[in-house]
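Chemist: Everything below, folded, please.
(2 chains)
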Amino acid sequence: MMSRKAIDVWVGFFVLIGIGALMFLALQVASDSQAFTNGAGYKVQARFENIGGLKVRAPVRSAGVVVGRVDDIRYDNETFEAVVTMTLDQRFKFPKDTAAKVLTSGLLGEQYVGLSPGGDLDDLQDGDTIKITQSAIVLENLIGQFLYSKASGDDQAPAQ
Amino acid sequence: MGFLLDFVERLGAYVNHRIARLGFAARFLWVMLRTSGTSLMRLHLTIREIYFAGVLSLIIVSVSALFVGMVLALQGYDTLVRFGASEAVGTLVALSLVRELGPVMAALLFASRAGSAITAEIGLMKATEQLAAMEMMAVDPIARVVGPRFWGGVISMPLLAAIFSAIGVFGGYLIAVVQIGVDFGSFWSQMQAAVDWKSDVVNGLLKSFVFGIAVSWIAVFEGYDAMPTAEGVSRATTRTVVISAVVILMLDFILTAFMFRGN
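Modeler: Next up is the predicted model:
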């Protein structure tokens, strides 16, 4: 039979190892997508004609660095546009004429919102709307355009 | 006719018996929760049970986790490399472990390692009339014997599941990065990009907490309800492992359906 003290020590070790495992999972394995939304961010909106496969919680990047997250995606039935609400980190300020694009990381990667800062002197505030937007590139449209330009190009090309 | 009537009668008796047992188990849980104030007041009893249920399960949980992680990395790499996405093996290992395998495997191991021991111990106490003797001395056996074992299991389970997931990820790292040579940086960064603290890790822990309650409840109840004979105790021990395994897998499906609907 073990003494009560030895048992206490072992259980203490057990709890410490458990907490260590949790810390490992928190710091090394996972990342906190909610980190920006706990009051330390500001919300801006952007309207897109087409958001492609953008999803809630997708990253918002500027110059490739994650500066926020997509919070909410809604459909405006009057303008027939997608309204994307995102939370940006308080530490990062962007001019009012910043442009938002829906981009894809890699050929088949996830889609994200890319911000290209403009030159305005005022910064985006909480609740502002980004005016300049560019929709996601839809592969079918791209192929359609390519075929169209190819067809019209062939007409002008001299016969070989 | 007599044969048919006999069959219906036996079916009815069986169903009645099952329902009565379920009701007894529910009342048992209620009494246990009501008296757990007394059993938690004497904390050293619960700490003792954490030692027997949790600390002594550490080795089996760690070794199993290491091998599960290594197998996941091998199999995942084998499939992913065909799509040129071998760096995603870290994501695959971490998500499978944190969401599913960590809580479920840890709970299955816990049920067979600690749950069966709890049932056998309480069943034997009942068979040798130690529980009755306690009642004679005005010591509530549910508060003194059953409560600490239940809470010891409930507290140990999430910690074991977290340890399982962490060691499993480490095992995946050993195979994928050290052995096969997947890039170190993209292994971790793709994993971090895909695994979310709140929706993956915390939900996984919540699962293991539910499993902990279920397994501990089944183990202490089967022990307390065992027939006070050698055969009865052995049957109860078997039942603990079998019922726990089925209940864990069923609960896992239900919890997954609620937690990860994929948005």
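Chemist: how about whichever helix in chain A runs longest, does it get close to chain B?
Modeler: Longest helix in chain A, counting residues (DSSP state H): helix A:4-24. Yes: using Cβ under 8 Å from any Cβ of the partner chain, helix A:4-24 reaches chain B at A:4, A:7-8, A:10-11, A:13-15, A:17-22, A:24. Yep, even glycine has a C-beta here, placed from its N, CA and C like the rest.
Chemist: Can you name the next helix or strand after that helix?
Modeler: Remark: after helix A:4-24, the chain's next helix or strand is strand A:41-48, criterion DSSP states H and E.
Chemist: list the helices and strands that next one packs on?
Modeler: Strand A:41-48 sits against strand A:65-76, strand A:81-89, strand A:99-104, strand A:129-130, strand A:132-134, with contacts defined as 3 or more Cβ pairs under 8 Å, 6 or more residues apart in numbering or on different chains; DSSP states H and E.
Chemist: Name the residues that touch it?
Modeler: Residues outside strand A:41-48 that contact it (Cβ atoms under 8 Å, 6 or more residues apart in numbering or on different chains) are A:68, A:71, A:76, A:79, A:81-90, A:100, A:102, A:113, A:124-130, A:133-136.
Chemist: Quickly run through the sheet partners of it, with directions.
Modeler: strand A:81-89 (antiparallel), strand A:129-130 (parallel) (DSSP bridges).
Chemist: ranking those by burial, who's on top?
Modeler: Of these, the one with the most neighbours on average (mean count of other Cβ atoms under 10 Å in any protein chain shown) is strand A:81-89, at a mean of 21.
Chemist: Grab the most central residue of the chain for me.
Modeler: Just so you know, I chose chain A. Compute the mean C-alpha point of chain A, and by Cα atoms, centre = their mean the closest residue is A:Pro59, 1.9 Å away.
Chemist: wrong one, chain B
Modeler: Chain B has B:Ala107 as the residue nearest its centroid, 2.4 Å off, counting by Cα atoms, centre = their mean.
Chemist: And stretch B:14-30, how far out from the chain middle?
Modeler: 21 Å (Cα atoms, centre = their mean, to the nearest Å).
Chemist: So for that stretch, mean pLDDT?
Modeler: The average pLDDT within stretch B:14-30 is 92.
Chemist: Which positions within it qualify as buried?
Modeler: The neighbour-count criterion (16 or more other Cβ atoms under 10 Å in any protein chain shown) identifies B:25, B:28 as the buried residues of stretch B:14-30.
Chemist: what's in contact with it?
Modeler: For stretch B:14-30, the surrounding residues in contact (Cβ under 8 Å, 6+ apart) are B:142, B:217, B:221, B:224-225.
Chemist: which one of these sits closest to B:Ser186?
Modeler: Nearest to B:Ser186, judged by Cβ to Cβ, of these is B:Trp217 at 43.5 Å.
Chemist: correct me, but B:Arg211 touches B:Leu160?
Modeler: Just so we're on the same page, residue B:211 is Phe rather than Arg. No: at 9.9 Å, B:Phe211 does not count as touching B:Leu160 under the criterion of Cβ atoms under 8 Å.
Chemist: Which one of the two is surrounded by more residues?
Modeler: A side-by-side neighbour count of B:Phe211 and B:Leu160, using other Cβ atoms under 10 Å in any protein chain shown, places B:Leu160 first with 35 against 29.
Chemist: how near is the residue of the stretch 51-200 of chain B found nearest chain A to B:Gly123?
Modeler: Across the stretch 51-200 of chain B, no residue is closer to chain A than B:Leu159, which sits at 3.1 Å (Cβ to the nearest Cβ). Noted for B:Leu159: a distance of 26 Å to B:Gly123, by Cβ to Cβ, to the nearest Å.
Chemist: could you dump the strands paired with strand A:41-48 to a markdown table with mean pLDDT?
Modeler: Formatted as a markdown table, the strands paired with strand A:41-48 follow (pLDDT from 0 to 100):
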| stretch | mean pLDDT |
| --- | --- |
| strand A:81-89 | 90 |
| strand A:129-130 | 89 |
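Chemist: closest to B:Arg42 out of the helices and strands packed on strand A:41-48?
Modeler: With Cβ to Cβ as the criterion, B:Arg42 lies closest to strand A:65-76 of the helices and strands packed on strand A:41-48, at 47.5 Å.
Chemist: And the average pLDDT for the closest one is what?
Modeler: Here the average pLDDT along strand A:65-76 is 87.
Chemist: Chain B contacts on chain A?
Modeler: Contact residues, chain A versus chain B (Cβ under 8 Å from any Cβ): A:2, A:4, A:7-8, A:10-11, A:13-15, A:17-22, A:24-26, A:28-34, A:55-57.
Chemist: ok, of these, which come out buried?
Modeler: Taking 16+ other Cβ under 10 Å as the criterion, what is buried in the residues of chain A next to chain B is A:7, A:10-11, A:14-15, A:17-18, A:21-22, A:24-25, A:28-31, A:33.
Chemist: for the helix or strand of chain B with the lowest mean pLDDT, which positions count as buried?
Modeler: Counting by mean pLDDT, DSSP states H and E, chain B has its least confident helix or strand at helix B:184-194, which shows a mean of 83. Neighbour counts over helix B:184-194 (16+ other Cβ under 10 Å) mark B:186-188, B:190-194 as buried.
Chemist: TSV for the residues you listed, including distance to B:Val233?
Modeler: TSV is the format used below for these (distance: Cβ to Cβ, whole Å):
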residue	distance to B:Val233
B:Ser186	54
B:Phe187	49
B:Trp188	49
B:Gln190	50
B:Met191	46
B:Gln192	49
B:Ala193	51
B:Ala194	47
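Chemist: right, and out of these, which lies closest to B:Glu231?
Modeler: Ranked by distance to B:Glu231 (Cβ to Cβ), the buried residues of helix B:184-194 are led by B:Met191 at 50.0 Å.
Chemist: Done for today, thanks.
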